[in-house]
Structures are given as C-alpha cells and as structure tokens.
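Visitor: Below: sequence and its predicted model.
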Amino acid sequence: MIQWATNHLKHILYGVLGLVVVLGLVLGWSGWQKQRRQKAALLLHQALVLLKTDGTPSATPVDKAVAQLQAITRDYGSTPAAALAYWHLGHRHFADGDYSAALTAYEQAQRLLPRDPQRLSTALVTLNVGHAQEAVGACDKAIATYEAVQQSAALWLYGEAYLGMGRCYAHSGATDQAIAVYQRALAESHVTGAARQTISERLAQLQPLEAVPAPMDKDGAANPAAEPPAALSTQEGSGAEPTTEPTSAVKP
C-alpha cells in the first residue's frame, strides 16, 4: 500500500487539490447566493414600506416602489423575494384595473413559489390567479383554479374559492351550477364569516321564490292587488361586471 501511494502520489495530490477547489467553489457559491437572497429581501422590505405611508399610498412613493419591485424580479429572479415582488406587482396591477398584467405577475409568482398545495403562500397566490383569470373573462380556467385552492390546507380560503366559482357559473348563464356550488359551500362548516354571509345572499338571489297562490278576497275571487312581489332580480344574471377585487385576506 505504501509503495502504491508513493507511485501514485502525484495523482493523489491532484485529487486532493481538486476536492479543495470544488469545496471552495461550493462554499463561495453558497455564500454568494445567501448574500443575493438577503439583498433581495432588504430591497423588497424597502419597496413595501414605500407602498404605504400611514396606510395611505401616495403617487410618488408608489411609483418608486413599483420600479423597485420590478428591479427585484429582474435582478434577483431566483430568490424568494422575487416571488413576493411578482405577487405585490400583481396586487398593484389589479388595483389599477390592468387585469392582464396582474394575471401575468401572479402566474410568475406561482411559478417561483414552492409547488406545495399545503403551503399557505401557494394557496393564496393560486386564489389571486383565479381572481385575475375571472377578471379577464377566462372563467373556465378560473373555476379550475378555484378548485385547486380547495385542495389546499387553507380551509379559510374555501369560502372565497366557492364565491369565485359561483360568480363564474352565474356570469356564464349556468345558474343551476352556481346554485349547486353555493349550496355545497353552505354545507361545509369551515365556510364562515363574511364569505358565508355573501354566499347565502347570492344563493337567495339566484333561487326563484316558490310559487304562491294569489290571495283571495272575501268573495273567493283572486285579488291581483295583493299578489306577492316578483322574485328578486339577480345582479349575477344581469350581465353586471363580476366582483374582481382580491379581498384583503388574500394579500400577503
């Protein structure tokens, strides 16, 4: 063995040197990546601070914040901060009514986030994708996206997903399917709060009143003046624009 090591000493030294170089490169790359992530996170924090001034955004800071968010997505595209930057850009585009740009930004955030439906951030951005798809009129895709939200562990988002599905069915004229979705939502105990209340109201609007016999006067004749009112017309069946604003609960 000693003789073999002596005969191959040159190769052994080269091998050891190679391992040292590789280890140095790996450590250097890891350190550089860590610095990039930290820098991106700092820039993201600064941008988010600019978006709000005592809760009320003003034009100049917001423009600067948007520019900084865009810079993060461009210069730090592989970092977690870039995913969040795309997410917040989606919120800004949505608030400005640019739903196509919002959808693009949300989809980029979705692409960068871990593909784990049990993660809260993944469920939240998926819900936002659904809102944007609904806003641009891609209701078939939006329904599938809302259904994906209901595969997550974020049970408190299910109500929002049911609302989106119901809106899409109602606006496409599939009233029976919208009613079925809302009824299914009300049968689930974790659909609570404002979402449950809104679902109950929309279900009441979509379901026609039961036919009621016309009241009779004292002589047994029908009294038209006492006829019950017609069923309430529904906003969802009237061609009105859907409610497309993401709720505050779905913003990071």
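Guide: Okay, I see it.
Visitor: And the contacts of stretch 69-81?
Guide: Residues from elsewhere that reach stretch 69-81, judged by Cβ atoms under 8 Å, 6 or more residues apart in numbering: 36-37, 39-41, 43-44, 47, 82, 85-86, 88-89, 92, 108, 112. For the C-beta atoms, the positions are set from N, CA and C on the backbone; glycine is no exception.
Visitor: Among those, name the buried ones.
Guide: 37, 40-41, 43-44, 47, 82, 85-86, 88-89, 92, 108, 112 (16 or more other Cβ atoms under 10 Å).
Visitor: tell me the two of these that are most distant?
Guide: Pairwise distances across the buried ones among the contacts of stretch 69-81 (Cβ to Cβ) peak at 23.1 Å, for the pair R37 and R92.
Visitor: ok, G173 to A135 distance?
Guide: Between G173 and A135 the computed distance is 18 Å (Cβ to Cβ, to the nearest Å).
Visitor: Contact partners for V136?
Guide: 99-100, 103.
Visitor: With adjacent residues omitted, what lies nearest to H88?
Guide: Nearest-residue entry for H88: L69, 5.8 Å, with adjacent residues in sequence omitted and distances by Cβ to Cβ, 6 or more residues apart in numbering.
Visitor: burial of P208, as a residue count?
Guide: 11 (other Cβ atoms under 10 Å).
Visitor: circling back to that earlier point, okay, and which of the contacts of V136 map to helices?
Guide: When DSSP state H is applied, those are split such that 99-100, 103 fall in helices.
Visitor: quick one: which of those residues is most hemmed in?
Guide: That'd be L103 among these, by other Cβ under 10 Å, with 24 neighbours.
Visitor: Might one say that that residue is in contact with E134?
Guide: No - taking contacts as Cβ atoms under 8 Å, L103 lies outside contact range of E134: 9.8 Å.
Visitor: how far away is S152 from G137?
Guide: In terms of Cβ to Cβ, S152 sits 25 Å off from G137.
Visitor: What of E147?
Guide: 18 Å.
Visitor: do A85 as well
Guide: In terms of Cβ to Cβ, A85 sits 27 Å off from G137.
Visitor: Please apply the same query to T122.
Guide: Taking Cβ to Cβ as the measure, T122 falls 25 Å from G137.
Visitor: cool, G130 as well?
Guide: For G130, the distance to G137 - Cβ to Cβ - is 13 Å.
Visitor: and what of R184?
Guide: For R184 relative to G137 (Cβ to Cβ), the value is 24 Å.
Visitor: And A101, by the same measure?
Guide: Relative to G137, and taking Cβ to Cβ, A101 is found at 15 Å.
Visitor: Just the buried residues of stretch 60-67, please?
Guide: Those would be 62, 65-66, for stretch 60-67 by 16+ other Cβ under 10 Å.
Visitor: Generate JSON lines for those, with distance to A178 as supplementary columns.
Guide: Compiled in JSON lines, these are given as follows (distance: Cβ to Cβ, whole Å):
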{"residue": "V62", "distance to A178": "37"}
{"residue": "A65", "distance to A178": "38"}
{"residue": "V66", "distance to A178": "36"}
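Visitor: Which of these fall within helices?
Guide: Using DSSP H, the members of the buried residues of stretch 60-67 that fall in helices are 62, 65-66.
Visitor: Domain ranges for this structure, per the record?
Guide: 31-113, 138-209+232-252 (automatic domain parsing).
Visitor: quick one: contacts for the nearest residue to T145 once chain neighbours are set aside?
Guide: In this structure, T145 finds its nearest non-sequential neighbour in G130, 3.8 Å apart by Cβ to Cβ, 6+ apart. Counting by Cβ under 8 Å, 6+ apart, G130 touches 142, 145-146, 149, 161, 164.
Visitor: Drop anything exposed from the residues you listed.
Guide: So, by 16+ other Cβ under 10 Å, the buried ones in these are 142, 145-146, 149, 161, 164.
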